[in-house]
Each structure stands twice: as structure tokens, then as C-alpha cells.
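Asks: quick one: sequence plus predicted model below, questions after.
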Amino acid sequence: MKAVIKHNKIKYTIDLANPLDISIPVIGGDNNVTSWYLPPPKIEPHKEGEFVGKVTEGGSTNFNDIYFNPHSHGTHTECVGHITEEFRSVNKCLSKYFFMTEVITVAPEKMGDDFVISKKQLQYALGNKNREAVVIRTIPNLSEKKSRQYSHTNPPYLMGDAAELLRDKGIEHLLIDLPSVDKEKDDGNLLAHKAFWDVEGKIRQNATITELIFVANTIPDGKYFLNLQLAPFENDASPSRPVLYKIED
Ligand SMILES: N[C@@H](CC(=O)c1ccccc1NC=O)C(=O)O
């Protein structure tokens, strides 16, 4: 099924039958991706008195309870409410779901004991492209990322001025295959989060950050349409499913 999208007076064709899902699912158990020192998510039959929510155990239906944390256990999208005193819900911040996007690949650079993504790397990868969203794939990019145990591993992160560059370029939606755009243990400095949302200036209420994506190596860098959908939780962050559509020639 083809769709023709008119964007800034230019027509683009995408094939809705060929979605490129870049989300990591929440599957429950030890093979699930985990970060922020939490145990794995649980997906298990609800039990109440005699009732067991599992058909193979005599229940009429499969009826699971799910325990998870959106920031820790899979692809999630967050809004500025992640770091503000006042409550802000990503389900309200994100009100459009299709964006012209650039997929870029970067190799984080060693800086002391850390690996970081610098402003220079993003400048090089993005040039003067004008995009609503950027998808950052970091290398190495093994499918093991979908089940990685990130806690206490000091994953790579974005330098504050790199996040500022994305803000200054008008990028509204930042997607990355790491648990955070900031250093795991930074005493709450959160330089990249703060710069991207401009919390010390004019707060970007509608800007979002999506973390823990996985961009398969079969997806080349370049321009795509992104469909970004959330599970509709009223919370600072929610599990999400970003899907790319290749632009046809
Ligand atoms: N780096 C922060 C913690 C942090 O960034 C964080 C903690 C829990 C859940 C998510 C976090 N950041 C996500 O982007 C700190 O050291 O205080």
C-alpha cells in the first residue's frame, strides 16, 4: 500500500506495507533489556483466589499482569516532564506522529573513561539537513543490544553541546539506541536532557527523546518518514513504537 506525502511542497512516496520497526519490545524475564538498576520486567498470569489467568492452568482466559518501568525496560519516549518539578505527560506533549527523519550512525569517541557523541560528529553526520527528527544508531550495533543489561556499565552518551546543536537545528524528536542521552552516573547534571529541552530557556514542551531503540544494520543511513506512536499512559515517559518508512525514488 503506497502513500504519497506532501511535505514542504515536495511529494514523497512511502510503502506502508514495508514498515521498519526500530522498537525493542518488553518481553519479560532475563532476556529483556534492562537499565537503571531494576530487575527484569515481569509478565505473569494474574492470580486471585482460585483464579489463574492462564488457559493451560485452568483459567478461561490468558490474563497477565505486567510489571515494568518505561525508562528501564524497552523503547520509550519521554518529554520534559522527565526532569521538571511539575508533572508533564508525554501523552500530551506528543500530538503529531509523522516526521521527516534522518537516520545517522555514529561511533562514540573515547573521552577519559567514557565514550561520548560529540557536537562535531553530529555536525558531520547532519550537515545542513533540515529534519524534524533524528535517529542515532551507535556502533558497534549488535542485536545483543535488545537484551543488554546496562546497569552500572557507563554506556555512551551525548555531550551537552551535541544536544544543544540538535535543539538549535530545530530537531523536535531525538531517538537513540542507548538507555539515556546523558551519562549514567552524573549526579543529576543531565546536561544533554536539559540542553535538548532548553529547560533554562524557553522550554520545548513538544520535543521528545526516545531511548533504547534498535536500528537493524539492514536499515541504511538516510532520509525516512518516522511514525512515532506511544502507549497512551499519562506519564513523563511511555513505551513507544517508532517505525521508519523508506522514501521511494
Ligand atoms: N544520570 C542521572 C540518572 C538518570 O539519568 C536516570 C535515572 C533513572 C531513570 C532514567 C534516567 N535517565 C534517563 O534518561 C543521575 O546520575 O542522577
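Replies: Thanks, I have it.

Asks: sec struct for whichever residue of the chain sits closest to the ligand, please.
Replies: Closest contact between the chain and the ligand, by C-beta to the nearest ligand atom, is at Ser180 (3.4 Å). The C-beta positions use only the backbone N, C-alpha and C, and glycine is treated the same way. Put simply, Ser180 is coil when judged by DSSP: H, G, I helix; E, B strand; the rest coil.

Asks: same thing with Ile209?
Replies: Strictly by three-state DSSP, Ile209 counts as strand.

Asks: isn't it up against Lys194?
Replies: No. Judged on C-beta atoms under 8 Å, Ile209 makes no contact with Lys194 at a distance of 11.4 Å.

Asks: and those two? which has more neighbours close in?
Replies: Set side by side, Ile209 and Lys194 show more neighbours around Ile209, with 26 against 18, by other C-beta atoms under 10 Å.

Asks: quick check, Asp187 in a helix?
Replies: No. Counting by three-state DSSP, one finds Asp187 to be coil, located in no helix.

Asks: report pLDDT for it.
Replies: At Asp187, the pLDDT value in this model is 97.

Asks: now Lys110
Replies: With respect to pLDDT, Lys110 has a value of 98.

Asks: ok, longest strand in this protein?
Replies: Criterion DSSP state E: the longest strand present in the chain is strand 237-248.

Asks: quick one: is that strand near the ligand?
Replies: No. Strand 237-248 lies apart from the ligand when judged by C-beta under 6 Å from any ligand atom; the minimum separation is 8.4 Å.

Asks: what is the mean pLDDT for that strand?
Replies: The model assigns strand 237-248 a mean pLDDT of 98.

Asks: parallel or antiparallel, which strands does it pair with?
Replies: strand 10-15 (antiparallel), strand 20-21 (antiparallel), strand 76-78 (antiparallel), strand 222-230 (antiparallel) (DSSP bridges).

Asks: so how far is it off the chain centroid?
Replies: 9 Å (C-alpha atoms, centre = their mean, to the nearest Å).

Asks: how about it, which residues are buried there?
Replies: 237-247 (16 or more other C-beta atoms under 10 Å).

Asks: one step back: contact partners for the residue of the chain closest to the ligand?
Replies: Applying C-beta atoms under 8 Å, 6 or more residues apart in numbering, we find Ser180 in contact with 35, 155, 157, 193, 211.

Asks: again, but for Asn31
Replies: Counting by C-beta under 8 Å, 6+ apart, Asn31 has contacts Ser147.

Asks: point out the residues in this structure that sit beside the ligand.
Replies: 36, 71, 180, 182-188, 190, 211.

Asks: of those residues, select the buried ones using a ChimeraX command.
Replies: Applying 16+ other C-beta under 10 Å to those leaves a buried subset, and the ChimeraX line that selects it is:
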select :71,180,182,183,184,190,211
